[in-house]
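Q: Attaching a predicted model along with its sequence, questions to come.
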2 protein chains.
Amino acid sequence: MTQSLIWSPISGGITAPIGFQAAGLSAGLKPSGKPDLSLLLAPDDAVCAGTFTTSVVRAACVDLCADRLQVTSGRVRAVVTNSGQANACTGDRGLADSLLITEAVADRLGCSQDEVLICSTGVIGVPIVIDPLLAAVDPLVSALDPDGGAAAAKAILTTDLVEKQIALEAVLAGRRVRIGGMAKGSGMIHPNMATMLGYLSCDVAVACDLWQDMVCRAVNRSFNAITVDGDTSTNDTFLAFAAGDVLPEDQLEALEEGLTLVAQHLARSIARDGEGATCLMEVQVEGTDLETEARQIARTICGSSLVKTAVHGRDPNWGRIVAAAGRAGVEFSAEAVALWIGPHQLMSDGQPLPFDRAAASAYLSERACGGYLVDDTVQIRLSLGDGAGQAIAWGCDLSDQYVRINADYTT
Amino acid sequence: MTQSLIWSPISGGITAPIGFQAAGLSAGLKPSGKPDLSLLLAPDDAVCAGTFTTSVVRAACVDLCADRLQVTSGRVRAVVTNSGQANACTGDRGLADSLLITEAVADRLGCSQDEVLICSTGVIGVPIVIDPLLAAVDPLVSALDPDGGAAAAKAILTTDLVEKQIALEAVLAGRRVRIGGMAKGSGMIHPNMATMLGYLSCDVAVACDLWQDMVCRAVNRSFNAITVDGDTSTNDTFLAFAAGDVLPEDQLEALEEGLTLVAQHLARSIARDGEGATCLMEVQVEGTDLETEARQIARTICGSSLVKTAVHGRDPNWGRIVAAAGRAGVEFSAEAVALWIGPHQLMSDGQPLPFDRAAASAYLSERACGGYLVDDTVQIRLSLGDGAGQAIAWGCDLSDQYVRINADYTT
């Protein structure tokens, strides 16, 4: 994780902040029998901000979340998440099932339906296995626990190999503040199961509008800066809850740093767990006029099949990086380009530099996921001029394994 | 090929039109020793229209082609093409080498340097192997032949498995008109006039501005409608020559049909020969307001890693198709969506239909490149409403083989 002077990791995930409870269990939605239903319950003074997929084709649950956040001005209490079926492209039944589920959860919690959100992840075009789910609402609510973060983080997964959760703590204006998070997916679309879902909790309060702005900026610098395969999902959702005493305004910047760190940790975890990935790619672009331009180029590089396959082959085929930058849709002067892979500089002032190909290949080969005491991150840095814009994007390599996983998924 | 009432296939490729000569040979630029240098010579009254990559990072040869077409108002005579080194991102040397080569060809042909264009394809960041190339200019010019189309078509290839050439003939206003074409490309293919190289010849004359407009429209409906891996090259170039008697204006529409058919044949050949491809994907989108909107959606579907891997697995995982359409950046009503894979309808009015999964899988499995008497084209049709806009895009599946080819390309 990026170093911070004030934020330190703690345990507990999404339920580390005071007042949050969660649960996760197997409701029988997945043929595998793995956990597939989770619930997050926020304190009654919580405010929730959400960001959603930009796809024209959105699952009914996404529209429902967006509507309810608007109706309640962000004052929602709970999110139920099912994994196994995305409930997207399921026609009228999609909304009907989402309403049934949130109604059942609201009844059992004793709150209004509008205060309950729902996220779904799984195969597109397949309706939720509704009866077993409804039957599991009662045990799910009974299982709510202030230490339930790990169970919830497990129950939202689909083809993910590992749980993705984190919690940070800082002392702001003399009081302890905690931020927790969990996520699932392998990109803005999880290749098979079609979804990135992210959840964040925080035990101080921030005014609703301010909170939404902070969350949007944090999402732009984290989830919106990763790509696994370029496919944006029908179900992508990020929900962030803040509840507790109001934080003094002069501490908002410090809080936003924490938010961003949690979101970036979760986003990087998703990229690292990208289907078939053998390493994490971190691409830093600097020297553009705007941060958004730098991010667009960084993300285009991360998304390039040619860059991804070269990294998979641990091949310093740097021309592909510059070619990807060139097609990103941002103007820059080819004469100003400088490029590094790890510590190896490959271009300066738009001119290729002689470099030690064997050493650059060795740098790439030494980066691999899954080992201990091994750095899993391939770092690429591209400088494009003197502008103040800079951004980082994350992705992963493209392996034969990715193709096999996705070619064989529903059959 | 799409049926035409007036245009019929003939042999001869790029040199089928009267007055065009071509040659191809091995100059020693490729370690494999395969043919790597070609030359196309047009009649002295030829007019040439060009479309080029939209990438910010363009090879020096691309800039040189664009400049010379401007300086000469399209009155160029010859194109020399080297394969093996793309000569992109090679610093100042890139332009110097391109100038040296065109100068040598012009001297030998006895024309001005400005009348000679150059295209390069191969690895980015690697300079052209210049001395063997210069030594080969004399034998190259000596080898020019009115039957040289096939030799030229072979010498422009890199990772392509097959040559891509075609010629058509029609009788327009009582006279025989021929159009020939050749192309190369199988990776870094997302032409956005886009190393996709394409060449066309025609033995009637058209006023320069009209010719450029006709060529642009044909390129939008062919090369700009294919994608293999979403990566737009630094070197993409399409050059189209017209030379001969002027065609009466009332025949221009018929000529443009021929142009478009030749360009579409070449574009489809590139998609079919996409690295690791086992089938061609043809995606037809209809019912948008604009043709450009339909093309954008069709191309996004063709470019989706999830759709491509599903097709590779011969898996009718249709949700991925609709999800890709949803993120294409074009507004449409999800309630109006209808979808077919081959003869199998999967959605109507935005609702999923029951379908015979085994039959749909069988349809996909029966489509495969490389066999005789086998249809190699997977057809996908998406209707989005009542608009008059429609377009077709072509792509290929994403296989383990694609990853292996690209992970191991330079090492």
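A: Yep, that arrived.

Q: show me what contacts the closest residue to chain B within the stretch 51-200 of chain A?
A: Proximity of the stretch 51-200 of chain A to chain B (Cβ to the nearest Cβ) peaks at A:I124, 2.6 Å away. Quick note: C-beta positions are derived from backbone N, CA and C, even for glycine. Residues counted as contacts of A:I124 (Cβ atoms under 8 Å, 6 or more residues apart in numbering or on different chains) are A:86, A:88-89, A:194, A:234, B:317, B:319-320, B:322-323.

Q: What parts of the stretch 201-350 of chain A come near chain B?
A: Within the stretch 201-350 of chain A, the positions near chain B by Cβ under 8 Å from any Cβ of the partner chain are A:229-234, A:303-306, A:309-310, A:312-315, A:317-320, A:322-328, A:330-332, A:334, A:337, A:347, A:350.

Q: pLDDT at A:G122, what is it?
A: On pLDDT, A:G122 comes in at 85.

Q: again with A:D231
A: 67.

Q: same deal with A:V129?
A: 92.

Q: any idea how far the closest residue to it other than its chain neighbours is from chain B?
A: Leaving aside its chain neighbours, A:V129 sits nearest to A:L29 (4.8 Å; criterion: Cβ to Cβ, 6 or more residues apart in numbering or on different chains). Plainly put, A:L29 is 17 Å away from chain B if you go by Cβ to the nearest Cβ, to the nearest Å.

Q: what residues go with each domain of chain A?
A: A:8-272, A:280-407 (automatic domain parsing).

Q: among the ones you listed, which is nearest B:T278?
A: Closest to B:T278 of those, according to Cβ to Cβ: domain A:280-407, at 10.3 Å.

Q: State the mean pLDDT of that closest one.
A: Here the average pLDDT along domain A:280-407 is 89.

Q: and A:V162, which of the three is it?
A: Classification of A:V162 by DSSP: H, G, I helix; E, B strand; the rest coil places it in coil.

Q: quick one: it and A:D273 touch, right?
A: Yes. Using Cβ atoms under 8 Å, A:V162 is in contact with A:D273, at 5.7 Å.

Q: Show me which of the two is the more surrounded one.
A: A:D273 (25 against 13; other Cβ atoms under 10 Å in any protein chain shown).

Q: what about A:E253, neighbour count?
A: 10.

Q: Return the per-residue confidence for it.
A: 93.

Q: Pull the number of nearby residues for the residue of the stretch 251-400 of chain A at minimum distance from chain B.
A: Proximity to chain B, evaluated over the stretch 251-400 of chain A using Cβ to the nearest Cβ, is greatest for A:G319 at 2.5 Å. Counted with other Cβ under 10 Å, residues neighbouring A:G319 total 27.

Q: Enumerate every residue touching it.
A: B:86, B:88-89, B:123-126, B:234.

Q: Now do the helices in the stretch 51-200 of chain A.
A: A:60-71, A:92-109, A:130-142, A:149-155 (DSSP state H, counting those that start in this stretch).

Q: With mean neighbour count and distance to chain B as added columns, please give the ones you listed in a markdown table.
A: What follows is the helices of the stretch 51-200 of chain A, written out as a markdown table (neighbours: other Cβ atoms under 10 Å in any protein chain shown; distance: least, Cβ to the nearest Cβ, whole Å):
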| stretch | mean neighbour count | distance to chain B |
| --- | --- | --- |
| helix A:60-71 | 20 | 10 |
| helix A:92-109 | 19 | 7 |
| helix A:130-142 | 16 | 16 |
| helix A:149-155 | 26 | 22 |
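
Q: Ok, which of the ones you listed comes nearest B:L117?
A: The nearest among the helices of the stretch 51-200 of chain A, by Cβ to Cβ, is helix A:60-71 at 51.1 Å.

Q: Touching the closest one from outside, list them.
A: A:48-50, A:52-53, A:76, A:87-88, A:90, A:94-95, A:97-99, A:102, A:114-120, A:234-237, A:239.

Q: how much does it deviate in direction from helix A:92-109?
A: 50 degrees (axes from the mean of the first three to the mean of the last three Cα atoms, to 10 degrees).

Q: Tell me the gap between helix A:60-71 and the middle of its chain.
A: Relative to its chain's centre, helix A:60-71 lies at 19 Å (Cα atoms, centre = their mean, to the nearest Å).

Q: which regions of the stretch 151-300 of chain A sit below the pLDDT cut-off?
A: Counting by pLDDT under 70, the stretch 151-300 of chain A contains low-confidence ranges at A:186-195, A:229-232.

Q: residue boundaries of the strands in it?
A: Using DSSP state E, counting those that start in this stretch, the strands of the stretch 151-300 of chain A run over A:164-172, A:175-184, A:197-202, A:237-242, A:280-288.

Q: Adding distance to B:D147 and mean neighbour count, write those out as CSV.
A: Formatted as CSV, the strands of the stretch 151-300 of chain A follow (distance: least, Cβ to Cβ, whole Å; neighbours: other Cβ atoms under 10 Å in any protein chain shown):
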stretch, distance to B:D147, mean neighbour count
strand A:164-172, 63, 22
strand A:175-184, 61, 25
strand A:197-202, 62, 29
strand A:237-242, 62, 28
strand A:280-288, 49, 23
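
Q: For A:S365, give me its contacts.
A: Going by Cβ under 8 Å, 6+ apart, the list of residues near A:S365 reads A:R314.

Q: How much space separates it from A:V311?
A: Using Cβ to Cβ, to the nearest Å, A:S365 is found at 11 Å from A:V311.
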